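Q: Sequence below, structure please.
(one chain, ligands or ions: 2)
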Amino acid sequence: MQIQPFSVNDGEGIRTNIFMAGCPLRCRWCSNPEGFRQEEVVGWYSRRCIGCGACVSVCPEGIGTDMNSGNGRELCTACGACVSVCPEKARTRMVTLMDADEVIREIHRYRLFFSYSGGGVTFSGGEATSQPELLEYLSRELYDMGYSLTLESCGYFDFDSVRPALERMDLIFMDLKHMDPEVHREFTGVSNEKILRNIAGLGTLAGSRDIVIRIPVIGGVNNSEDNIKASADYVKSVLPEAKMELLPYHRLGQVKYEALGLPFGQEGFYTPDKEEMNRLKALVREQGIKTADYR
Ligand code: SF4
Ligand code: SF4
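A: Ligands and ions are numbered 1, 2, ... in the order given. Just a heads-up that it's a prediction; the model follows:
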């Protein structure tokens, strides 16, 4: 779990994002690799490190300054001792275990910003639906307290187990990464069938809310006009009132892969330029779907 206050890109107004660790997908362009698994993680940002050795002197596992070399990663228990002493914040907690009520207390701290800006709370990840009991508890408590709630999801979840949580949301963002099930599997590790079913399922929720189907546009993977058109056609057929948001691929997550000692492996992807993005967004609108722009 990570809490990020003052976000303005993930829903209306000023929001606090709750990043819930664990994700059933392994998108090859992912920019949040720390959220793959539900476990505490400490990272090492080598560019900030001045080699003072304070981390080494407190580590109960005897891990060296470069915790990503040798068997440092296997030995690390994420105890956080090095994080406390590092003068440069080169050692950082990237995923932390938090009690649900602690999360709610943290949310309360920002309630004035929410009411002034029309903001609220955004559940994100990792994948928020990968912890359905926690999502149920947090969304119920925060909904009863009157907070505006938003969910960002990869769309791969058991619909009935999260239906009540979905019905508490004012806004749902759901991803649609490729219309071809085999290409989807190749680049994310799973087929798109469940995701397509769940996108259609959003139309069966009680109450009203805004729905935005998001395509992260990855140059070389899903940026063909055929795929964007097919995606818009599908959304139009099952959720005619939904909007779509197209987000260009970026490499901002590269530094996190380095901090975790993971291979980056995204060399084959490129960022579509503004002209291409505008052309693809126009294509979506031509299919009768409004486009949204939260970023
Ligand atoms: S988190 Fe704990 S075990 Fe891991 S490197 Fe830091 S001090 Fe060592
Ligand atoms: S305490 Fe921080 S700055 Fe010092 S060696 Fe360790 S990681 Fe580098």
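
Q: could you measure residue 74 against ligand 2, distance?
A: Going from residue 74 to ligand 2 by CB to the nearest ligand atom, to the nearest Å gives 19 Å. Every residue, glycine included, has its C-beta placed from N, CA and C.

Q: Can you classify that residue by secondary structure?
A: With DSSP: H, G, I helix; E, B strand; the rest coil as the basis, residue 74 sits in helix.

Q: residue farthest from the centroid of the chain?
A: The outermost residue of the chain, judged against the average C-alpha position, is residue 57 (34.9 Å), by CA atoms, centre = their mean.

Q: pLDDT of the helix or strand hosting it, averaged?
A: Using DSSP states H and E, residue 57 maps to helix 54-58. In this model, helix 54-58 has a mean pLDDT of 98.

Q: Same question for stretch 99-117.
A: Across stretch 99-117, the average pLDDT comes to 92.

Q: So what touches it?
A: The set of residues external to stretch 99-117 that reach it, using CB atoms under 8 Å, 6 or more residues apart in numbering, is 1, 3, 5-6, 12-16, 18, 119-121, 134, 137-138, 141-142, 145, 147-148.

Q: Show me how far the host helix or strand of residue 283 is from its chain's centre.
A: Take DSSP H and E as the rule and residue 283 turns out to sit in helix 274-286. Relative to its chain's centre, helix 274-286 lies at 24 Å (CA atoms, centre = their mean, to the nearest Å).

Q: before we move on, the earlier item: show residues contacting the helix holding residue 57.
A: Residues from elsewhere that reach helix 54-58 (CB under 8 Å, 6+ apart): 63-65, 67, 81-82, 84-87, 90-91.

Q: Name the residues of this structure found near ligand 2, please.
A: Selection of the chain residues close to ligand 2 by CB under 6 Å from any ligand atom yields 44, 49-55, 65, 85-88, 90-91.

Q: same thing but at 8 Å, please
A: Taking CB under 8 Å from any ligand atom as the contact definition, the chain meets ligand 2 at 44, 48-56, 65, 82, 85-91.

Q: Which entries in the contacts of helix 54-58 are shared with the contacts of ligand 1?
A: Residues of these in contact with ligand 1 (CB under 8 Å from any ligand atom): 63, 67, 81-82, 91.

Q: ranges for the strands of the protein?
A: Counting by DSSP state E, the chain has strands at residues 2-7, 15-20, 41-44, 91-95, 120-125, 149-153, 171-175, 210-217, 243-248, 290-291.

Q: In contact with whichever residue of the stretch 151-295 of the chain sits closest to ligand 1, which residues?
A: Closest residue of the stretch 151-295 of the chain to ligand 1, CB to the nearest ligand atom: residue 261 (11.6 Å). The neighbours of residue 261, taking CB under 8 Å, 6+ apart as the test, are 44, 67-69, 72-73.

Q: and it, what pLDDT?
A: Among the per-residue scores, residue 261 holds a pLDDT of 97.

Q: Next: the one 10 residues further on.
A: Residue 271 is assigned a pLDDT of 97 by the prediction.

Q: What's the local residue count around it?
A: Residues contacting residue 271 under the criterion other CB atoms under 10 Å number 15.

Q: Next: residue 210.
A: 16.

Q: For it, which non-adjacent residue is closest in space?
A: Nearest non-adjacent residue to residue 210, counting by CB to CB, 6 or more residues apart in numbering: residue 171, 4.7 Å away.

Q: now residue 252
A: Nearest to residue 252 is residue 31, by CB to CB, 6+ apart, at 5.6 Å.

Q: Next, work out how far apart that neighbour and residue 79 are.
A: According to CB to CB, to the nearest Å, residue 31 stands 27 Å off from residue 79.
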